[in-house]
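Student: What shape does this take:
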Amino acid sequence: MIGHLQGTVFSVGTETAVISVSGVGYEVNAMARTLDRLTPGEATSLAIETMVREDFIRLYAFTDESERQSFRLLQTVQGVGAKAALAILQVLTPAALLDAISVDDHAAIARAQGVGKKIATRITSELAGKTPDLMALVSGHQALAGALGTQAGMGVKEDEVPSDTGVKADAVSALVNLGYDSVAARQAVAQAVRENSAASVQELITTSLKGLSTA
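Tutor: Here you go, the predicted structure:
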């Protein structure tokens, strides 16, 4: 199975792109947010999910591993296929998806085209407690994006650096290290952010601990 492609963008369409690798062109499906970042003639590196069915083999491209794992995770929910999973990731980054699952915010997920309230509710219900691995990937990606963003000349786009720059992920990680359940920790941190969106990691931890102690 193909899990990664590194090559040159040959062409970009409305739903697919062709990536040239050692003279071979691989057609990949991707959401608009990913396709918008691809420019013909430029080098690219993409995480790939290979889907094999009786009548086709299809490649789905993502900017990083956390998006690919989110795509996989969403499809473990009954009624959620590749199209719906892509639509959800078009409107929610992996970090935002984790937040929505943690606080049962099915309305945020239902903003995705073609995803109704019933499916959105099923997603938050079935995936609660099943996100530790994805949470670790998101935390790692946020730390890397933040580090790259501080280096001049790296060409990191503003929208590639998560808005919380890893603060929420760091707070959640600290709570988990203290022995709290990952889902409860993320819910507490999400609530703390709603109370003070500009809070530092330490402030989020302090507020979250107060919330967890009264839960």
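Student: so how far is Ala188 from the residue sitting nearest the centre point of the chain?
Tutor: Centroid-nearest residue in the chain, with C-alpha atoms, centre = their mean: Pro94, separated by 1.9 Å. Counting by C-beta to C-beta, to the nearest Å, the separation of Pro94 from Ala188 is 20 Å. All C-beta atoms are positioned from the backbone trio N, CA, C, and that covers glycine.
Student: So the residue nearest to the centre of the chain versus Phe56, what's the distance?
Tutor: Going from Pro94 to Phe56 by C-beta to C-beta gives 26 Å.
Student: still on that earlier bit, give me the pLDDT value at the residue nearest to the centre of the chain.
Tutor: pLDDT for Pro94: 89.
Student: Could you double-check that it sits in contact with Glu67?
Tutor: Yes - at 5.9 Å, Pro94 counts as touching Glu67 under the criterion of C-beta atoms under 8 Å.
Student: Which segments of the protein make up each domain?
Tutor: Per the record, the chain has its domains at 4-62, 66-127, 132-214, by automatic domain parsing.
Student: Pull the contacting residues for the nearest residue to Arg186 once chain neighbours are set aside.
Tutor: In this structure, Arg186 finds its nearest non-sequential neighbour in Ser102, 4.0 Å apart by C-beta to C-beta, 6 or more residues apart in numbering. By C-beta atoms under 8 Å, 6 or more residues apart in numbering, the contact set of Ser102 is Ala128, Thr131, Val183, Arg186, Gln187, Ala190.
Student: Confidence-wise, which helix or strand of this protein is lowest on average?
Tutor: helix 132-149 (a mean of 58; mean pLDDT, DSSP states H and E).
Student: list the helices and strands whichever helix or strand comes after it packs on?
Tutor: The first helix or strand that comes after helix 132-149 along the chain, using DSSP states H and E, is helix 167-177. Judged by 3 or more C-beta pairs under 8 Å, 6 or more residues apart in numbering; DSSP states H and E, helix 167-177 is in contact with helix 94-102, helix 132-149, helix 182-195, helix 201-214.
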